[in-house]
Each structure stands twice: as C-alpha cells, then as structure tokens.
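> Okay, predicted coordinates and the sequence, questions at the end:
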Amino acid sequence: MSTDSHHHDAHPEAEENEIAGPVILALLCLALAVTVIYLLTL
C-alpha cells in the first residue's frame, strides 16, 4: 500500500509529460500548416 501511494504521488508528473507531448506536437503541426497556407497565398 505504501509503495502504491508513493507511485501515485509521482504519477501526475508523468501524466503531465504525456499530455504536454501531444500538445506540443499539435502546436508544431498547426504552425507548419499556417506557414504553408501563408506561403501558398503569397
């Protein structure tokens, strides 16, 4: 039980990293798409 509680204590940090990864990737893809559209409309 004690080990499980300690593991749960460190879980939010790992979960935050799992969330941050896809978000950053999505932002990069969005920025790339905006840049390509902008260049195409020049």
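The structure has been received and is ready for your questions.
> Next, count neighbours for Y38.
Applying other Cβ atoms under 10 Å, we find 9 residues neighbouring Y38. Using the backbone N, CA and C atoms, a C-beta is placed for each residue, glycine as well.
> so what pLDDT did it get?
Here, the pLDDT recorded for Y38 equals 96.
> Could you do N17 as well?
In this model, N17 is scored at 67, pLDDT.
> for H11, same thing?
Predicted confidence (pLDDT) for H11: 59.
> what does the one 3 residues further on give?
Among the per-residue scores, A14 shows a pLDDT of 65.
> now swap in T41 and tell me
94.
> Distance of V23 relative to A33?
Using Cβ to Cβ, to the nearest Å, V23 is found at 16 Å from A33.
> tell me the SS of L39?
helix (DSSP: H, G, I helix; E, B strand; the rest coil).
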